[in-house]
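Colleague: 3D model of this:
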Amino acid sequence: MQSVRLRDFIEDAEGCLYAVSNYDNADRIGCILRYVPDPGGERTNLSGRRYRKYDFAESFDWIREHKPAYLDSVHRVPYCDVARVYKPEEEIGRVAARNPRVARLLSHLDLLPGSFGCTGSLLCGLENAASDIDLVVYGDAWFAAQRRLRRLVETGVIPGMSTAMWRKVYDKRVPEISFDAFVLHEQRKWNRGEFEGTYFDLLYTRDYANLDAVPAGPGRVVGRAMIEATVTDASLSFDSPAVYAVNHDEIARVLSFTHTYSGQALAGEVIEAQGVVEEHGDERWLIVGTTREAKGEYILSKTLLENV
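Modeller: Below you'll find the model as predicted:
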């Protein structure tokens, strides 16, 4: 089997389902608990078993009570406790077969087999009528999907995001930037959309040959900072974490652990960023998204804002 990677799901022996949230899974799998078997749960899987969906804070409370050995900055599940791995690229055929809307969206994107899949509730067979479509596209194929989505919207095949949908996304993420600045940055990313009344994401994940592109693990916290810097490399800016190499006297990279600031700036643009400074070897990195809400932390493209 291929390595467990970001946006896979794993199932433990009790049937609990976890979203893989890390690439560094050599010893234990870094993930977040999402669904727990519960006779009173609001979700039902394909075999009729009922589940309860847990949000971020609830999942940590449950793990703290029931699986304290898993507690870390994420949940760390040992391989011996894993009963099944769900891989989006392997399950996508079954997802599309039971969900005509997904099949129609995929037919427009025209992606190569093995380069894409669905994660989230669709991957686990726990979707409902209100579920978003969380598309995953791997490596360079993601950029082809991004270009394709832009053409589809510009030619009217897929509608542009409505103001109401932008507001819904903004209110869900509660970023530290204004609504107008948020939409301005988001509209050029082409990594989300609205299809047949359903919200969807295009989520970047590294291909198997590139899983070690960024050193894993936290560094030593040395303070907080707000910087202005020129982005020199944004090739992993849609990853999780998003990575921006920058030209700055003290900071070598800016990383965002919140999806809000993925793809936020292009190479050559000047950014303003505020977050926590960590030491990683002989480098210092600015980390955005050190908490779930990322309060007081953000990335803005000053170049984009000044050119409006």
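Colleague: in this structure, which helix or strand is least confident?
Modeller: One helix or strand of the chain scores below all others by mean pLDDT, DSSP states H and E: helix 163-173, with a mean of 92.
Colleague: how far off centre is that one?
Modeller: Per CA atoms, centre = their mean, to the nearest Å, the displacement of helix 163-173 from the mean C-alpha position of its chain is 17 Å.
Colleague: export that helix to CSV, keeping only CA atoms.
Modeller: Only the C-alpha atoms of helix 163-173 are listed here, as CSV (Å, rounded to 0.1, in the frame of the first residue of the first chain):
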residue,chain,number,x,y,z
THR,A,163,-22.0,36.8,-2.9
ALA,A,164,-24.1,34.7,-0.4
MET,A,165,-21.7,31.8,-0.8
TRP,A,166,-18.7,34.0,-0.3
ARG,A,167,-20.3,35.4,2.9
LYS,A,168,-21.0,31.9,4.1
VAL,A,169,-17.4,30.9,3.6
TYR,A,170,-16.1,34.1,5.3
ASP,A,171,-18.4,33.7,8.3
LYS,A,172,-17.3,30.1,8.7
ARG,A,173,-13.6,31.0,8.7
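Colleague: what's that helix in contact with?
Modeller: Applying CB atoms under 8 Å, 6 or more residues apart in numbering, the contact partners of helix 163-173 are 179, 182, 183, 186, 192, 194, 199, 258, 259, 260. (Glycine included, C-beta is placed from N, CA and C.)
Colleague: and it, which residues are buried?
Modeller: The neighbour-count check on helix 163-173 (16 or more other CB atoms under 10 Å) flags 165, 166, 169, 170 as buried.
Colleague: follow-up on the earlier one: closest to residue 111 among the contacts of helix 163-173?
Modeller: Sorting the contacts of helix 163-173 by how near they are to residue 111, with CB to CB, puts residue 192 at the top with 16.4 Å.
Colleague: what's across from that closest one in the sheet?
Modeller: Note on residue 192: beta-bridge partners by DSSP bridges are residue 201.
Colleague: now do residue 288
Modeller: Under the criterion used (DSSP bridges), residue 288 bridges to residue 256.
Colleague: against residue 161, how distant is it?
Modeller: Distance of residue 288 to residue 161, given as CB to CB, to the nearest Å: 24 Å.
Colleague: more neighbours, those two?
Modeller: The neighbour count for residue 288 versus residue 161, taken as other CB atoms under 10 Å, is higher for residue 288 (25 against 18).
Colleague: so that one touches residue 298, yeah?
Modeller: Yes. Assessed by CB atoms under 8 Å, residue 288 is found in contact with residue 298 at 6.6 Å.
Colleague: between the two, which contacts overlap?
Modeller: Residues touching both residue 288 and residue 298 (CB under 8 Å, 6+ apart) are 261, 273, 274, 275.
Colleague: what sits against the first one?
Modeller: Under the criterion of CB under 8 Å, 6+ apart, the neighbours of residue 261 are 175, 242, 288, 289, 294, 298, 299.
Colleague: list the buried ones in stretch 278-292?
Modeller: Residues of stretch 278-292 classed as buried: 278, 280, 284, 285, 286, 287, 288, 289, 290 (neighbour count, 16+ other CB under 10 Å).
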